[in-house]
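Novice: The following comprises the amino acid sequence and a computationally predicted model.
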Amino acid sequence: MATTHPTRQHAQPAPTDRGRDEMNLIEFPFATLSRRATLGSIRCERWITDPQGQRHRQLWTVQGGSASGLPTEFDERVYVALMAVTRRHGFTEPRVPFSVYGLLRIMGESTDSRHYQSVERSLERLLRVSIVAEGAFWDREKHELVELLNGFHLIERYWLAYRERDRDLAQREGVPGYIVWGAELWRSIRQGYLKDLDLRRFYALQTPVARRLYRFLDKKLHRSATYEIDIFQFAQQLGMSRYAYPAKVREKLQPGIDELVAQGFLAASEVVRVRSYTRVRFTRRAPSTRTSSRGASPLVAADAAEPVERAGRDWRRATAEAHGIGAERRQLWERVLRLARKEVSDLMYRAWLARSLLLEVTETGAVVLLPNPYAVAQVRTPWDGTLRVAMERVLARSCALTYRAAEKPTEGTPSPEDTPSLRPLAAGLVADDQG
């Protein structure tokens with residue numbers, strides 16, 4: 001059979017229903033936070049305390065295929081789409097029919113040839129990856145943590161009709177494609193060890209860190225308004241690279257946190273010190289019941305945005321003081337931001353542009369200061385034109401913009417005692433949380 005497939009330039013940002021998420025795959029990572037596949041493994045270790053006060057070690061190891069590599073953040077989005085399709089089929093059997101086109105529509109991605117190939121590579125990595133769980137896989141039926149020392153797979157097989165050369169077989173199958181979920185994962189799915197996932201919110205998030213944070217925190221904040229965890233343990237459970245200092249972990253988390261605050265999911269996050277440990281505390285925004293006849297009240301939207309609006313203003317003020325930026329440049333940049341804000345969504349403004357500042361102005365250009373290199377990469381490509389046009393309107397002349405990461409951190413610098421450590425969780429936490 002020919003390997004051609006339909007191509008459309010832009011899929012609708014599709015999901016209108018809720019998805020489902022397997023909770024072992026929320027608790028521990030199965031993919032990196034990178035779009036590029038890499039060889040190697042992901043290793044997550046933690047200690048838990050049972051109700052009798054006994055400590056137990058959990059070890060979760062993800063090994064990518066020798067040729068395909070570890071699953072990527074794009075593969076995580078494919079997994080979420082596959083779970084949404086499985087839900088639509090009622091979780092009746094591990095063999096789930098699907099189409100690549102349908103997955104891309106759920107994901108809100110373009111349905112061109114390049115994205116078809118990306119999904120194919122994702123399926124290959126999800127097939128090849130192996131996960132070993134040492135006391136780290138919750139069996140809901142047994143109500144206990146079990147050992148999966150021989151490894152388990154996310155999917156056991158996938159098949160695509162447009163890649164099938166046997167036309168008779170393709171006709172007999174009668175579907176565009178299918179996957180078969182791995183046996184251990186399917187057993188957990190059938191046991192109902194699942195939670196709802198808001199697909200619209202998940203796929204609206206712009207960064208891999210925000211999406212991973214959302215899946216994890218949506219589970220942890222389901223029954224509680226706040227959640228607190230050791231910052232190094234948190235980095236492990238998100239599948240982040242290892243860093244020596246809490247300040248560096250926080251820097252990498254910040255863009256994702258800002259997005260979740262801007263979307264109204266989080267109310268706040270803060271770093272707290274508990275003896276020699278550095279922990280991070282998250283507070284979920286309480287849902288509001290104040291609505292108008294046409295949906296959410298503008299007052300509700302304004303209230304949801306206020307914490308991150310204030311955080312943006314505070315960052316601009318503190319950074320201006322740290323870099324000796326005078327009132328004239330600050331006022332000029334505020335005028336630029338007011339114009340730029342009219343051209344971007346509130347979400348994008350609060351996530352990326354609110355924490356920006358005018359560092360230098362010359363006859364031909366200007367330097368814009370952003371919190372970190374990641375923010376520079378996110379702002380420079382999509383929003384440079386918007387900021388440049390706004391700047392030129394304010395200055396009434398041409399002005400090229402360059403971007404620089406802030407050299408002086410405004411959230412504290414690492415101290416010698418800020419070294420990685422694992423902190424046992426409270427007694428009974430995993431049994432209650434995973435059961």
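Specialist: That came through fine.
Novice: Make sure P29 is actually in contact with T61.
Specialist: No: P29 lies out of contact with T61 (Cβ atoms under 8 Å); the separation is 10.8 Å. The way it works is simple: take the backbone N, C-alpha and C, and place the C-beta from them, glycine included.
Novice: Outline the domain layout of this structure.
Specialist: Annotated domains of the chain cover 18-280+422-434, 308-405 [automatic domain parsing].
Novice: hang on, the earlier thing: list residues touching both of P29 and T61?
Specialist: Counting by Cβ atoms under 8 Å, 6 or more residues apart in numbering, the shared contacts of P29 and T61 are 42, 44.
Novice: any idea where the strands of the stretch 51-200 of the chain begin and end?
Specialist: Secondary structure of the stretch 51-200 of the chain by DSSP state E, counting those that start in this stretch: the strands cover 55-63, 95-97, 130-139, 144-152, 155-160, 177-181, 194-198.
Novice: elements contacting the third one?
Specialist: So that's strand 130-139. Helices and strands touching strand 130-139, by 3 or more Cβ pairs under 8 Å, 6 or more residues apart in numbering; DSSP states H and E, are helix 24-27, strand 55-63, strand 144-152, helix 183-190.
Novice: Dump the ones you listed to a markdown table, plus mean pLDDT and mean neighbour count.
Specialist: Output for these, formatted as a markdown table (pLDDT from 0 to 100; neighbours: other Cβ atoms under 10 Å):
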| stretch | mean pLDDT | mean neighbour count |
| --- | --- | --- |
| helix 24-27 | 97 | 22 |
| strand 55-63 | 94 | 17 |
| strand 144-152 | 90 | 14 |
| helix 183-190 | 96 | 18 |
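Novice: Out of the ones you listed, which is closest to T319?
Specialist: Checking the helices and strands packed on strand 130-139 against T319 by Cβ to Cβ gives helix 24-27 as the closest, at 35.0 Å.
Novice: what's in contact with that closest one?
Specialist: 79, 133, 136-138, 154, 185, 188, 193, 195, 215-216, 219, 237, 433-434.
Novice: sorry, back to before: format the strands of the stretch 51-200 of the chain as CSV; extra columns: distance to L103.
Specialist: CSV is the format used below for the strands of the stretch 51-200 of the chain (distance: least, Cβ to Cβ, whole Å):
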stretch, distance to L103
strand 55-63, 22
strand 95-97, 11
strand 130-139, 22
strand 144-152, 23
strand 155-160, 11
strand 177-181, 9
strand 194-198, 15
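Novice: R275: which of these is closest?
Specialist: For these, the distance to R275 is smallest for strand 55-63, at 17.9 Å, taking Cβ to Cβ.
Novice: Sheet-wise, list the partners of the closest one with their directions.
Specialist: With DSSP bridges as the test, strand 55-63 is paired with strand 41-49 (antiparallel), strand 130-139 (antiparallel).
Novice: Can I get those in CSV including mean pLDDT, distance to S224 and mean neighbour count?
Specialist: Listed next are the strands paired with strand 55-63 as CSV, based on pLDDT from 0 to 100; distance: least, Cβ to Cβ, whole Å; neighbours: other Cβ atoms under 10 Å:
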stretch, mean pLDDT, distance to S224, mean neighbour count
strand 41-49, 92, 18, 17
strand 130-139, 95, 19, 20
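Novice: Just list what the helix or strand hosting V376 packs against, helices and strands only.
Specialist: V376 belongs to helix 373-395 when assigned by DSSP states H and E. Judged by 3+ Cβ pairs under 8 Å, 6+ apart, helix 373-395 is in contact with helix 246-262, helix 327-341, strand 365-370, strand 400-405.
Novice: Low-confidence ranges, this protein, go.
Specialist: For the chain, the stretches with pLDDT under 70 are 1-17, 288-309, 347, 407-435.
Novice: And the residue nearest the centre of it?
Specialist: Residue closest to the average C-alpha location in the chain (Cα atoms, centre = their mean): R211, at 1.9 Å.
Novice: excluding its backbone neighbours, what's nearest that one?
Specialist: Leaving aside its sequence neighbours, R211 sits nearest to L205 (Cβ to Cβ, 6 or more residues apart in numbering; 4.8 Å).
Novice: likewise R77?
Specialist: Nearest residue to R77, sequence neighbours excluded (Cβ to Cβ, 6+ apart): M107, at 5.4 Å.
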